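Colleague: let me see the structure of the following:
(2 chains)
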Amino acid sequence: MTEFEPKIVGFLCNWCAYAGADLAGVSRIQYPPNIRIVRVMCSGRVDPVFILEAFRSGADGVLVAGCHLPSDCHYISGNFKAHRRIMMLKKLLLQFGIEPERLRIEWVSASEGDKFATVIKDMTEEIKKLGPSPLKVQVEGLIYG
Amino acid sequence: MESMEEETPRIGVFVCHCGINIGGVVNVPEVVEYAKKLPCVVYAEENLYTCSSEGISKIKEGIAKYNLNRVIVASCTPRTHEPLFRGACEEAGVNKYLFEMANIRDQCSWAHMHEPEGATEKAKDLVRMAVAKSRLLKPLEEPEIDVTPSALVIGGGISGMTAALCLSNQGFKVHIVEKEPELGGMLGHLYKLYPTMQDASESLNHVVNSVKSNKSIEVLTSTVVKQVKGFIGNFEVTVQKANDETANFEAGTIIVATGAPIFEPVGMYGYGEYDNVITQLRLEQLLKDGQLKKPESVVMIQCVGAREKEGRTYCSRICCMTAIKNALLIKDLHPDTDVYILFRELQTYGKHYEEHYRTAQDKGVKFVKYLQEKSPRVVSGKNGELTVNVYHALLNEELKIGSDLVVLSTPLIQHEDARELSQILKVPLGPDGFFFEVHVKLRPIDFATDGIYVCGTAHSPKDTPESVSQAFGVASRAAIPMALKRLRTEAITAVVHENLCSGCGTCVKLCPYGAIEKDEKGVARVTEVVCKGCGVCAATCPERAIEMRHFTSEQVMAQALAALGRTSA
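Modeller: Got it, this is the predicted structure:
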């Protein structure tokens, strides 16, 4: 049996985190190819429903990444709003039987390509240890079982 | 724009080799073959460099030949190349918002150089995600607005007047609103200016007279700004005079030049208790009016209420030079008077400032370094004579300096009414209370709100040349939209579906730009030209009544779910 390769969906803000991910590439910093990035203008755009839907659709992990607290946000305070939502959502995930570690919020500036790569490495490793999302196992059971 | 006819998506996908940057890792032909099988994709091809003139022609040809109404380029990052490809689409008659990119270089081939299989699979996923979003894209237009060619300058000090003169010289009408009865601001209270020692009034009068005689500058003194509505190009300003009379006018841009008063150190070092403990500003007035009786010994204490561990943690920048200047003025009047400057650190950072400091040393001004944790103490004797006790940090000994005049150097602080003005303008104050620019390095005199700018000591403590430089800066920033006369605003904005809105007002509170308000029907309404498109409102709306253009929930979700191999409903 091949090793479990987690599927991670990343919602990255256009101004900091997405640019940080670009820089990781430009700097040829290598990280595992487990993340699929969705660009949004601000981390504050990330609706909790996007995250829940991603888990429901089989994501093993979800990353939300934006501009550093407190004052890097291109839209003044979207990062704070994202932060608050994710903290709430982690509690909710627990009630659904999803390990809160599968959801991460990280601050990555446009100059932190190395940090972005480290975050992805860490997250991929951590989720590998956790194994496939329990929800995925259930959903796949429902759909394909 | 919502009314544009829906047409069946016909997507063309152009996969770039980027020389060997992508093609050397990702199996590009395989990605092209994969793309061809995706829903709504009617054409796919590979290019050596899609961004080359040949590649751009290929896109345009593809649009014409296959009747494409959506274009995807799978190459590098939209942060650098999206404008180029959007331009190609527009030239070929496809709305630029119907273009989408898949970043298979920066976030794929370059980051997974040693995993060609994983990188190819990821590239396919990224293309599939782009297709999922592309199918749902809608054409958008950037609204155009007219710009009123007049500026509101709040504050009639040297900064505000300089900015006003600059703008009027460029042909714009200017309204200066000054809350005091006279123009001049802080400079009107100063005596000499360092390092040239010219009279402050000399520089000031020249500027005041130019302003007063300028027909395109309207000066409103004893007047404050009461209300500002609208947005860049179209601000509606209400001002109130001292007699409560109000007036309204329009402005295309707004400059905040409200200046800064000094901190009154009541209760510190005997200030307010002993008559001969005064501030530098008071000393300056005494010198200006020729009323300073000859002192035997003057002790100046620096950083009084500044560079504190909490609260006013900032350096006020002007105090070291002000103390040196006033010490020199006293020495010039009374060479045998002892003048001490008790400092924590001396900052004589400007052009010709260090020379000024050396002159003071040469003329016998005594500089004593004290430590913050061992601040000087001012004690009064039986006959009212003062003694300043200070631990000399370099000599490592306690000094007792008899003094008949103690002068406290206190920082510039924000006006008490700045908070109110910041709320009227919807621009922020920083942690130190001063007006807060959008980017400290790259946009140091802009606010995040378009069309509003800041200069002078309203922004942070600074001296006259620095304030004047910033005033020139804001004048040129404000002139840009006014010279253009028309502006294109953001197309990626929020739109409220009225029938779904419950009028809860959550979005109104959360919008960082004040772009949403409740209309007469009690439902949220977005002022499009104020909206910056962050999408915080759309993510928060409990009724899901707000749609974020170009990043609609359906579009973002379709892209995310496509990453997981699922399609959204």
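Colleague: and A:Leu23, that's in a helix?
Modeller: Yes - membership of A:Leu23 in a helix is supported by DSSP: H, G, I helix; E, B strand; the rest coil.
Colleague: apart from its chain neighbours, what residue comes closest to it?
Modeller: Nearest residue to A:Leu23, sequence neighbours excluded (Cβ to Cβ, 6 or more residues apart in numbering or on different chains): A:Gly113, at 3.3 Å. Every C-beta, even on glycine, is put in place using the N, C-alpha and C of the backbone.
Colleague: what about that neighbour, how many neighbours?
Modeller: 24 (other Cβ atoms under 10 Å in any protein chain shown).
Colleague: just list the residues touching the closest residue to B:Leu386 other than its chain neighbours, thanks.
Modeller: For B:Leu386, ignoring the flanking residues on the chain, the nearest one in space by Cβ to Cβ, 6+ apart is B:Ser403 at 4.9 Å. Contacts for B:Ser403 (Cβ atoms under 8 Å, 6 or more residues apart in numbering or on different chains) come out as B:Asn276, B:Pro295, B:Ser297, B:Val298, B:Val299, B:Tyr340, B:Glu385, B:Leu386, B:Thr387, B:Val388.
Colleague: how about the strands in the stretch 201-350 of chain B?
Modeller: With DSSP state E, counting those that start in this stretch applied, the stretch 201-350 of chain B shows strands at B:217-220, B:223-231, B:234-241, B:246-251, B:253-256, B:277-279, B:297-301, B:338-343, listed in chain order.
Colleague: cool, the stretch 1-150 of chain B as well?
Modeller: B:11-16, B:41-47, B:70-75, B:99-103, B:144-146, B:150-154.
Colleague: can you redo these as CSV with mean pLDDT?
Modeller: Below are those laid out as CSV (pLDDT from 0 to 100):
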stretch, mean pLDDT
strand B:11-16, 98
strand B:41-47, 97
strand B:70-75, 98
strand B:99-103, 98
strand B:144-146, 93
strand B:150-154, 98
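Colleague: compare the ones you listed and report which one is nearest to A:Ala117.
Modeller: strand B:99-103 (15.3 Å; Cβ to Cβ).
Colleague: what does that closest one rub up against?
Modeller: Contacts for strand B:99-103 (Cβ under 8 Å, 6+ apart): A:22, A:37, B:70-78, B:81-82, B:85-86, B:89, B:123, B:126-127, B:129-130, B:133-134, B:137.
Colleague: for B:Ala200, see how far away B:Arg282 is.
Modeller: Noted for B:Arg282: a distance of 15 Å to B:Ala200, by Cβ to Cβ, to the nearest Å.
Colleague: of the two, which one has the most company?
Modeller: Just comparing B:Arg282 and B:Ala200: by other Cβ under 10 Å the higher neighbour count belongs to B:Ala200, 20 against 15.
Colleague: now do the contacts for that one.
Modeller: Per Cβ under 8 Å, 6+ apart, neighbours of B:Ala200: B:Leu187, B:Gly188, B:Leu190, B:Tyr191, B:Lys192, B:Leu193.
Colleague: can you go through those and name the buried ones?
Modeller: Among the contacts of B:Ala200, those classed as buried by 16 or more other Cβ atoms under 10 Å in any protein chain shown are B:Leu187, B:Gly188, B:Leu190, B:Tyr191, B:Lys192, B:Leu193.
Colleague: from the residues you listed, pick the one nearest B:Phe447.
Modeller: Nearest to B:Phe447 among these, with distances taken as Cβ to Cβ, is B:Leu187, at 24.4 Å.
Colleague: show me the helices in the chain, by range?
Modeller: You didn't pick a chain, so chain A it is. A:17-26, A:48-56, A:78-95, A:113-130, A:134-144 (DSSP state H).
Colleague: looking at chain B here, not the other one
Modeller: So, for chain B - with DSSP H - the helices run B:28-36, B:53-65, B:78-91, B:116-136, B:158-169, B:200-212, B:280-288, B:319-333, B:353-362, B:418-425, B:464-484, B:506-510, B:536-540, B:553-563.
Colleague: and the angle from the first one to strand B:11-16?
Modeller: The one in question is helix B:28-36. 170 degrees (axes from the mean of the first three to the mean of the last three Cα atoms, to 10 degrees).
Colleague: hmm, helix B:28-36 touching chain A?
Modeller: No - using Cβ under 8 Å from any Cβ of the partner chain, helix B:28-36 never reaches chain A; the gap is at least 14.0 Å.
Colleague: buried sites along that helix?
Modeller: Buried, per 16+ other Cβ under 10 Å, within helix B:28-36: B:Val28, B:Val31, B:Val32, B:Tyr34, B:Ala35.
Colleague: same question for the fifth one.
Modeller: By neighbour count, with 16+ other Cβ under 10 Å as the criterion, the buried positions of helix B:158-169 are B:Ile158, B:Ser159, B:Gly160, B:Met161, B:Thr162, B:Ala163, B:Ala164, B:Leu165, B:Cys166, B:Leu167, B:Ser168.
Colleague: mind putting those residues in CSV, distance to B:Asn396 and pLDDT included?
Modeller: Below are those laid out as CSV (distance: Cβ to Cβ, whole Å; pLDDT from 0 to 100):
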residue, distance to B:Asn396, pLDDT
B:Ile158, 43, 98
B:Ser159, 44, 98
B:Gly160, 48, 98
B:Met161, 49, 98
B:Thr162, 47, 98
B:Ala163, 50, 98
B:Ala164, 53, 98
B:Leu165, 53, 98
B:Cys166, 52, 98
B:Leu167, 56, 98
B:Ser168, 58, 98
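Colleague: can I get those in CSV with distance to chain A?
Modeller: Compiled in CSV, the buried residues of helix B:158-169 are given as follows (distance: Cβ to the nearest Cβ, whole Å):
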residue, distance to chain A
B:Ile158, 29
B:Ser159, 24
B:Gly160, 26
B:Met161, 31
B:Thr162, 29
B:Ala163, 25
B:Ala164, 29
B:Leu165, 32
B:Cys166, 29
B:Leu167, 27
B:Ser168, 32
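Colleague: gap between the residue nearest to A:Ile86 when sequence neighbours are not counted and B:Leu561?
Modeller: Distances taken as Cβ to Cβ, 6+ apart put A:Ile105 closest to A:Ile86, at 4.2 Å, once the chain neighbours are dropped. Separation of A:Ile105 from B:Leu561 (Cβ to Cβ) stands at 21 Å.
Colleague: ok, these two, which is more surrounded?
Modeller: More neighbours surround B:Leu561 than the other of A:Ile105 and B:Leu561, with 24 against 21 (other Cβ under 10 Å).
Colleague: verify the stated contact: the more buried one with A:Glu53.
Modeller: Yes - under the criterion of Cβ atoms under 8 Å, B:Leu561 makes contact with A:Glu53 at 6.7 Å.
Colleague: show me what from the stretch 1-150 of chain B comes close to chain A.
Modeller: Residues of the stretch 1-150 of chain B found near chain A (Cβ under 8 Å from any Cβ) are B:77-79, B:103, B:105-108, B:110-115, B:118-119, B:121-122, B:125-126, B:129.
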